[in-house]
Structure formats: C-alpha cells, structure tokens
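In: let's see this in three dimensions:
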Amino acid sequence: MARLRHLEPKRAKARIAELLEQFDLVDAARKPLATYSGGMRRRLDLAMTLVTTPQVIFLDEPTTGLDPRSRHTMWDIVRGVVADGTSVLLTTQYLDEADELADNIVVLDGGRVVADGTPEELKRLVPGGHIKLKFADDTALEAAARVLDESGRDDATLTLAVPTDGGIGELRAMLDRLDAADLTIEDLSIHTPDLDDVFFALTGRTDSKGTAS
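Out: Numbering: from 1, shown residues only. Next comes the predicted model:
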C-alpha cells in the first residue's frame, strides 16, 4: 500500500512502523495473514487505508462477527481516526454502535431514508422516556402516587414510572413535589428510548439496519 501511494522507502518504513504500533500489530507483523483473527484483519484493513491521511474513509460494517473486546478496540480506533481529522462514513447493523460513534445517523429501511439526525434527535422521535422511582413501603408508594398522579404504579416492585422527556428541569420539579410532600425516594433511575426503539417505531419491524456517519 505504501508503494501504491508512492511513499519514498524511508518514509514508508517509518509510517508502517507507526501503524503497526497504533493498531497493535507489531507482534503479528511477520506472521502469515492466514493466522490473523477477524479482529486483526479488520485492524490491518484500516491500517492499510491510513498509510496516507485520507479526508474520508468508508467503513462497511467493520465490527460484524467480532468478539466484544475486538469490537470495542475497533471503536477506539475509529474515534482516534476522527480525532485526527478524517471523516468516517460507517454502515452498521448495530444501532448501539451508531449511538457510540456517530455524530449524525441516517436510518434506512428497504433502501429508503426514514430518519436523519443526531442520536439524541432521533431518540426524541419516540415516546416512552420515564423516571422510575422506588419507595420503601406501600404507604410511601401510595402517597407518591397521589402526588404524581400521571405516573404508572407497580405495587409488586414499589415503583412509580413517571413520563419524562429527560430534561433536568422536569426532574427537578418532580423531586420538589415529592420533597414538599415529605416523601423519600429509595432509588431513582432514568429510562430513555434507544436507537433500536427508534428503528422499530419508524419501520414497524423487529430487525435493524442503520447507516451512520
């Protein structure tokens, strides 16, 4: 690849050494490619692409079939490439991957664009965000249910699910209402829709295919 990009031998040798170090391939550098794992091959593919510094890289499902450790390693590499100033257009079937890596996401269904935006913008398209509050006993749960009359109550777990858009102001107002009623919360957690929820809501299907950049 260095020769194809017309790098001078001295510069090529130095750049290859840099890339082998960056992609953790130093120990494998003289081993036959047939002995490489899937994750090593993906790293090698990307390293060859970066022999020179491209303005744009297209990655087609770069983590398919990788184990969790190799997948996260690839995520770190992609983040590093972007941090160095290269734009990455990445296709993936893993919407959590798009959520982790993408500044902007395009969701495709049957070859058509059905949504386009940042991860947070897309999540706001889907209702269902809520704050789950857990109380110590039935008495506290009953009192809180009266204060927060729009909430969903679960007596078995002593919890209330209060609809929310995830805003800090809304959370603070809810806590102020409980405090004014002298009610103590045992536990609190915030639940928001993820990109899988977005895909299912937009397509009405249970398989997922996303394109992110």
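In: now do the phi/psi pair for the closest residue to Asp109 other than its chain neighbours.
Out: Spatial nearest neighbour of Asp109, excluding adjacent residues (C-beta to C-beta, 6 or more residues apart in numbering): Thr203 at 4.4 Å. The way it works is simple: take the backbone N, C-alpha and C, and place the C-beta from them, glycine included. With angles defined as degrees, to the nearest 10, Thr203 sits at phi -110, psi -20.
In: how far away is Thr203 from Thr192?
Out: With distances taken as C-beta to C-beta, to the nearest Å, Thr203 is found 20 Å from Thr192.
In: can you list phi and psi of the closest residue to Asp67 other than its chain neighbours for me?
Out: Using C-beta to C-beta, 6+ apart and skipping the chain neighbours, the partner closest in space to Asp67 is Gly39 (7.1 Å). Main-chain dihedrals, Gly39, degrees, to the nearest 10: phi -60, psi -40.
In: show me what contacts Gly39?
Out: Shown in contact with Gly39 (C-beta atoms under 8 Å, 6 or more residues apart in numbering): 66-67, 69-71, 73-74.
In: and stretch 38-50, which residues are buried?
Out: Using 16 or more other C-beta atoms under 10 Å as the test for burial, stretch 38-50 gives 39-40, 42-44, 46-47, 49-50.
In: which one of the residues you listed is nearest Ala136?
Out: Gly39 (47.5 Å; C-beta to C-beta).
In: show me where the chain has its helices.
Out: Taking DSSP state H as the test, the helices found in the chain are 9-22, 38-49, 68-83, 95-101, 119-123, 138-147, 168-180, 195-203.
In: columns distance to Val162 on top of the ones you listed, output as a markdown table?
Out: Formatted as a markdown table, these follow (distance: least, C-beta to C-beta, whole Å):
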| stretch | distance to Val162 |
| --- | --- |
| helix 9-22 | 47 |
| helix 38-49 | 43 |
| helix 68-83 | 33 |
| helix 95-101 | 24 |
| helix 119-123 | 18 |
| helix 138-147 | 9 |
| helix 168-180 | 6 |
| helix 195-203 | 18 |
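In: wait, which of those helices is closest to Asp187?
Out: Closest among the helices of the chain, once you apply C-beta to C-beta, is helix 138-147, at 12.2 Å.
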